[in-house]
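S.K.: The following block contains a protein sequence and its predicted model.
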Amino acid sequence: MQTKQQLIRKSIEGAARMGKTYAILAGIIFIGLGVFFVIIGSWMHSDPHLLNVKSKVVQKDCNEIISSLRYNCFLTLSYNIDNKEYIKKVKNYSSYTPIHIDDEVILFVNTDNHADAVLSKSPDWLNILLIIVGILFILFSGIYVYFICTYQGLAVLSGLKKVVLES
């Protein structure tokens, strides 16, 4: 009888070790992914290479889209940096209001090359979403590893699940 109980105890301990090992490995992977998402979201949110610059419309060719009440325009924009004038041609500018000559349009200009300008950077909601997803990955991975490593029963179930699914 003693050997049967020892065998059961060793099996349970083995399943618990297996469950803890897989939980720790999964935790490391998902915490790493979470850190990666937080870093990418933060980096995209605070891009030091883009400078907000007001530009003026010097030429325009707009078409009104009646179905969506928008204006699609080909614009030529002029902006000044360090007393030097730059020209940017924009092929597909969309607006809900009519565009006029001398209207202001915000451009994001590369600080290393002032002739390189774009109309928009990555949207702030995307950066914030990446940061939130990263934090949630870190948080839930930590909670998962904590519970699996703290409670023997959960570790055994996790290990047995792995054994049963692989069989």
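M.R.: The structure has been received and is ready for your questions. Residues are numbered from 1 along each chain as shown.
S.K.: hey, let's count contacts and neighbours off CA atoms from now on
M.R.: Will do.
S.K.: Can you read off the pLDDT for the residue nearest the centre of the chain?
M.R.: Computing the C-alpha centroid of the chain and ranking residues by C-alpha atoms, centre = their mean puts L130 first, at 2.9 Å. Looking at L130, its pLDDT stands at 91.
S.K.: which residues touch it?
M.R.: F37, V38, I40, G41 (C-alpha atoms under 8 Å, 6 or more residues apart in numbering).
S.K.: Tell me, how many residues neighbour P98?
M.R.: Close neighbours of P98, defined as other C-alpha atoms under 10 Å, add up to 14.
S.K.: name the helices or strands packed onto the longest helix seen in the chain?
M.R.: In terms of residue count, the longest helix belonging to the chain (DSSP state H) is helix 2-45. In terms of contacts (3 or more C-alpha pairs under 8 Å, 6 or more residues apart in numbering; DSSP states H and E), helix 2-45 is packed against helix 124-150, helix 152-166.
S.K.: among these, which gets the worst mean confidence?
M.R.: The minimum mean pLDDT among the helices and strands packed on helix 2-45 belongs to helix 152-166 (a mean of 75).
S.K.: what would the helices and strands packed on helix 2-45 look like in TSV with distance to Y86?
M.R.: Formatted as TSV, those follow (distance: least, C-alpha to C-alpha, whole Å):
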stretch	distance to Y86
helix 124-150	27
helix 152-166	62
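S.K.: among these, which is nearest S11?
M.R.: Closest to S11 of the helices and strands packed on helix 2-45 is helix 152-166 (C-alpha to C-alpha; 9.3 Å).
S.K.: pLDDT weak spots in the chain?
M.R.: Along the chain, segments meeting pLDDT under 70 span 1-2, 45-48, 66-68, 120-123, 162-167.
S.K.: neighbours around V90, how many?
M.R.: Residues near V90, counting by other C-alpha under 10 Å: 15.
S.K.: just the one 10 residues further on next, same as before
M.R.: Other residues near H100 come to 14 when the count uses other C-alpha under 10 Å.
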